[in-house]
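>>> For reference, the sequence and a predicted model appear below.
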Amino acid sequence: MSDSSKPVAQTWFGPITAVQRRAMFALVPVAVAFGLVVGLAFLPVTSGIGGLAKVGSEAVLDLPDELVLPPAPESSTLYADDGETVIATFGDQYRVQLEYDQIPDSVIEALVATEDSNFFEHNGVDPEGVMRALVTNIADGGTSEGASTITMQYVRQVLSYTATTPEEVAAASEVTIDRKVKEMGYALALEEEMSKEDILTNYLNTVYFGNGAYGIGAAAQVYYGKVPADLTTAESAMLVGLVQSPSQYDPINGSSEAALARRDHVIGRMVDVGYLTSDEGEAAEAEGLNLNPQEANNTSGGAIDSEYGFFVDYFEKWWEQQEDFGETEEIRKARLYRGGYEITSTLNVELQDAAQEAVENQLQTGSEFALGSVVVEPGTGAIQVMAVNRIYSNDVSENGPNSAGEEYGKGTYPRTTNPLLSGNSAVAGYQAGSSFKMFTMLAALEAGMPLDTTIYSPYQYTSQYPISGENSCGGYWCPKNASPSEVGDYNMWTGFGESVNTYFVQLEERVGADKVIEMAKRLGIRFHNSKDLSLTSEESAEGFGTFTLGVTQNTPLEMAAAYATLPADGVYCPPVPVTSAQTITGGTITFTSGCEQVIDEEVARAAVDAARCPTGDGARTGNCTWGTAEQVGAAVDGPVAGKTGTTDDNSTNWFVGFTPNAAAAAFVADPDSPQHVVGSANLGKPANAIADILAAQWEINGEGDFTPPEDLVH
């Protein structure tokens, strides 16, 4: 097929109304920013633009080489924190590059009619469209948007994929007049370097059509199982309709009605422009979607093929939430899968392997109970470990039913409800029990109560908090201690070390439950289900007395990051899975956590001193009695602190511990049936696992010490 056989669009531009004309003249001062490039755009296609530099627009025409020769899409690689060990790859295995004469007329016609009906007439910028958009958008009080030619869209696409920083990614699609003017300048310069045919070919070979299909060649295969030359007019129109929003008009996993309506809009534009007669348009619209979906198969690795699947899956979902990588999750994922990034993660393979062994030494893979752990680095938020006695799987029916009778596969956990360790809509987390007493102690210390605050604590205590049910005494909550022998005077060292419930309920009463909840929120605790959200709201928090015993659903990732605040002297760092990424063009993107001082360093140091009691490590400014997890202190050849956590009915058991440079949280529960009691035989296993994990961590990086508090002791 020769170039001469390709369509030449008719100029289509409706009359400007009198109202629009008056608005146009009224807005002349605002339009000055457009004047230069729009004026040049009125020149014929054959006119040169060399004179632009003479009037001060050199920056606008500083044309990147990538716009003419865009880099081919490449897989991205995820490395461990050493920058060398590959833990996953993300990329397109399936690509179809086409020459111009392999693209059917119907695709070109549909694209031009819908996206840029004057494409073959302008110099890269459509002046009529620009002026119409200028009048409409500015008159409505908006910014300049719309009037993007195919050339301008191609410029935006390449600038986004060749950006070297998140800021450049955002700038490539930000809705501002400056961005639009720069885009116009690039488009004008680009059409001096490339033919219309080359622009169309590059655009159609790289634009995303959804469902893993990049380029029209792949899209024809994915949606119809055809080569592009065999597409009908209706099929070409459907595919071109996806360009505007692949997710909104997705006919496979989304709404076929929306896809059909969008396709018919494209066909209507083809009739309006003159590519189709009315009869041809009606015939095309009469066709069904006639889909023949094929697997794109465009993942080369990722979580499924990685032995570190839970971490890799978390990273991928984290990446999809980073707004700087695109406007939608789909666009962000596309950047990961074809952006050619060399990404250094925070995963420490040596510690991860030790943690996996520690977990499986306590509960083997395939157990009905999940035992999992997360390690976070204080002061950075770096996620160093995500270990669990499960096999990451994307297949929910590999080896038979799980404990709940569902086809998850023995020892596997399906991606639809993953991650076990960081929570999502299906797995909000698990009750963390007495490990929440830390937030009560911190709130009390912040209120000026010293570590030696002594309170007589009976075996059972009737609180001031109204409640109904089996834990009610005369209409008020009346919790008990774990043992009838736990009676007497306790302070923060001894009460935390022995985990005395009635001490901490009284301490919570003194400081206020709302202050305790606010403290937990400051340390990154999020509330995932509707019940937790309502009870922890500003209106209800004051009366939520049971909060100190950890009755809300939380995840190991949240708890590890919260406790990491303490050895970091009160600096909370939201957890992050990566430190940097090298771009395909050689730039470096640096990722940081956004750490923030959320509690005073003396408050943090005082809490650390009391938290040394449960592990048997011993406080430095006071006296401990005995600890609920002394095996941790015995295993770790260095300073260590932490807290056990058990729910009233033993449905879950936790331990959260830390050294000066690592915080680790572990839980045991049945994720398929959260009320399934773990049993007394499993109650010490999270602490045992953390003992081995922190012992390994100290051998790898045994540095530092806890600074004793100088205040808030007596």
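That came in fine, so what should we check first? Numbering: from 1, shown residues only.

>>> May I see the buried residues of stretch 347-365?
Applying a neighbour-count criterion of 16 or more other C-beta atoms under 10 Å, one finds 347-352, 354-356, 358-360, 362-363, 365 buried in stretch 347-365. For the C-beta atoms, the positions are set from N, CA and C on the backbone; glycine is no exception.

>>> so which one among those residues has the lowest pLDDT?
Least confident by pLDDT among the buried residues of stretch 347-365: that is residue 365, with 85.

>>> that older thread, list just the nearest of the buried residues of stretch 347-365 to residue 575.
The shortest gap between residue 575 and any of the buried residues of stretch 347-365 belongs to residue 347, at 12.2 Å (C-beta to C-beta).

>>> Low-confidence ranges, the stretch 351-500 of the chain, go.
Judged by pLDDT under 70, the stretch 351-500 of the chain has its weakly predicted residues at 393-419, 424-427.

>>> How are the helices of it distributed by residue range?
Using DSSP state H, counting those that start in this stretch, the helices assigned to the stretch 351-500 of the chain run over residues 437-446, 492-498.

>>> can you put those helices in a markdown table and add mean neighbour count and distance to residue 262?
What follows is those, written out as a markdown table (neighbours: other C-beta atoms under 10 Å; distance: least, C-beta to C-beta, whole Å):
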| stretch | mean neighbour count | distance to residue 262 |
| --- | --- | --- |
| helix 437-446 | 28 | 51 |
| helix 492-498 | 27 | 61 |
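
>>> okay, those helices in a markdown table with distance to residue 336 next?
Shown next, in a markdown table, are these (distance: least, C-beta to C-beta, whole Å):
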| stretch | distance to residue 336 |
| --- | --- |
| helix 437-446 | 36 |
| helix 492-498 | 43 |
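
>>> so which of those helices comes closest to residue 78?
Go through the helices of the stretch 351-500 of the chain one by one with C-beta to C-beta and the one that ends up closest to residue 78 is helix 437-446, at 33.0 Å.

>>> Just give me how far the closest one sits from the chain centre.
Per C-alpha atoms, centre = their mean, to the nearest Å, the displacement of helix 437-446 from the mean C-alpha position of its chain is 31 Å.

>>> Number of residues surrounding the residue nearest to residue 215 when sequence neighbours are not counted?
Using C-beta to C-beta, 6 or more residues apart in numbering and skipping the chain neighbours, the partner closest in space to residue 215 is residue 205 (4.4 Å). Counted with other C-beta atoms under 10 Å, residues neighbouring residue 205 total 22.

>>> Could you pull up phi and psi at residue 205?
According to degrees, to the nearest 10, the main-chain angles of residue 205 amount to phi -80, psi -20.

>>> For it, report the pLDDT, please.
At residue 205, the pLDDT recorded in the model is 89.

>>> do residue 529 as well
On the pLDDT scale, residue 529 gets 79.

>>> swap in residue 142?
At residue 142, the model reports a pLDDT of 51.

>>> quick one on the thing from earlier: can you tell me which of the helices of the stretch 351-500 of the chain is nearest to residue 389?
When these are compared for distance to residue 389 using C-beta to C-beta, the nearest one is helix 437-446, at 25.9 Å.

>>> so who does residue 436 touch?
Residues counted as contacts of residue 436 (C-beta atoms under 8 Å, 6 or more residues apart in numbering) are 520, 547-550, 552, 645.

>>> now, which of those lie within strands?
residue 645 (DSSP state E).

>>> where's residue 521 relative to residue 512, distance?
Distance check for residue 521 against residue 512: by C-beta to C-beta, to the nearest Å, it reads 14 Å.

>>> and residue 240, what is it in contact with?
Contacts of residue 240 by C-beta under 8 Å, 6+ apart are 107, 110-111, 114-115, 266.

>>> hmm, 7 Å instead?
When contacts are counted by C-beta atoms under 7 Å, 6 or more residues apart in numbering, residue 240 is found next to 107, 110-111, 114, 266.

>>> In what element of secondary structure is it found?
Under the criterion of DSSP states H and E, residue 240 resides in helix 233-242.

>>> The stretch 201-350 of the chain: strands as residue ranges?
Counting by DSSP state E, counting those that start in this stretch, one finds strands in the stretch 201-350 of the chain at the ranges 342-345.

>>> shaky segments in it?
Residue ranges of the stretch 201-350 of the chain with pLDDT under 70: 296-301, 304.

>>> Relative to residue 557, how far out is the residue found closest to residue 372 once you drop the neighbours it is linked to in the chain?
Leaving out its chain neighbours, the residue that sits closest to residue 372 by C-beta to C-beta, 6+ apart is residue 388, at 3.4 Å. Here residue 388 is placed at a distance of 12 Å from residue 557 (C-beta to C-beta).

>>> intersection of neighbour lists for those two?
Common neighbours of residue 388 and residue 557, counting by C-beta under 7 Å, 6+ apart, are residue 421.

>>> and residue 521, how many neighbours?
Burial measure for residue 521: 16 neighbouring residues, criterion other C-beta under 10 Å.

>>> pLDDT at it, what is it?
Model confidence at residue 521, given as pLDDT, is 97.

>>> which residues sit in contact with the residue nearest to it when sequence neighbours are not counted?
The shortest distance from residue 521 to any residue that is not its chain neighbour, by C-beta to C-beta, 6+ apart, is 7.7 Å, and that residue is residue 536. Contact partners of residue 536, counting by C-beta under 7 Å, 6+ apart, are 517, 527, 544.

>>> I figured the second one was touching residue 535, is that so?
Right, the one you point to is residue 527. No: look at residue 527 against residue 535 with C-beta atoms under 7 Å: they stay out of range, at 8.1 Å.

>>> Now stretch 108-116: average pLDDT?
Along stretch 108-116, the predicted local confidence has a mean pLDDT of 96.

>>> Extract the C-alpha set from that stretch and format it as PDB.
Extracted as PDB, the C-alpha positions of stretch 108-116 are listed here (Å, rounded to 0.1, in the frame of the first residue of the first chain):
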ATOM      1  CA  ILE A 108      -5.900   5.600  10.300                       C
ATOM      2  CA  GLU A 109      -9.300   7.100   9.300                       C
ATOM      3  CA  ALA A 110     -10.900   6.200  12.700                       C
ATOM      4  CA  LEU A 111      -8.000   7.800  14.500                       C
ATOM      5  CA  VAL A 112      -7.800  11.000  12.500                       C
ATOM      6  CA  ALA A 113     -11.600  11.500  12.400                       C
ATOM      7  CA  THR A 114     -11.900  11.000  16.200                       C
ATOM      8  CA  GLU A 115      -8.700  12.600  17.600                       C
ATOM      9  CA  ASP A 116      -7.600  15.100  15.000                       C
END
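
>>> quick one on the thing from earlier: I'd like the distance between the residue nearest to residue 521 and residue 127.
The separation that residue 536 has from residue 127, given C-beta to C-beta, amounts to 57 Å.

>>> Please apply the same query to residue 675.
For residue 675 relative to residue 127 (C-beta to C-beta), the value is 68 Å.

>>> Pick out whichever of the two has more residues nearby.
Set side by side, residue 675 and residue 127 show unequal neighbour counts under other C-beta under 10 Å, the larger going to residue 127 at 21 against 10.

>>> Compute the distance between that one and residue 176, please.
Counting by C-beta to C-beta, the gap between residue 127 and residue 176 amounts to 20 Å.

>>> One more: residue 78?
According to C-beta to C-beta, residue 78 and residue 176 sit 33 Å apart.

>>> before we move on, back to that, of the helices of the stretch 351-500 of the chain, give the one that comes closest to residue 504.
Residue 504 sits nearest to helix 437-446 of all those, at 4.7 Å, using C-beta to C-beta.

>>> since we're on residue 272, how many residues are nearby?
Neighbourhood size, residue 272 [other C-beta under 10 Å]: 14.

>>> returning to that earlier point: higher neighbour count, residue 388 and residue 557?
The residue with more neighbours, out of residue 388 and residue 557, is residue 388; 28 against 23, by other C-beta under 10 Å.

>>> Can you name the residues that contact the more buried one?
Contacts for residue 388 (C-beta under 7 Å, 6+ apart) come out as 310, 359, 370-372, 420-421.

>>> still on that earlier bit, from the contacts of residue 536, which single one is nearest residue 121?
Lowest distance from residue 121 to these (C-beta to C-beta) belongs to residue 527, with 57.5 Å.
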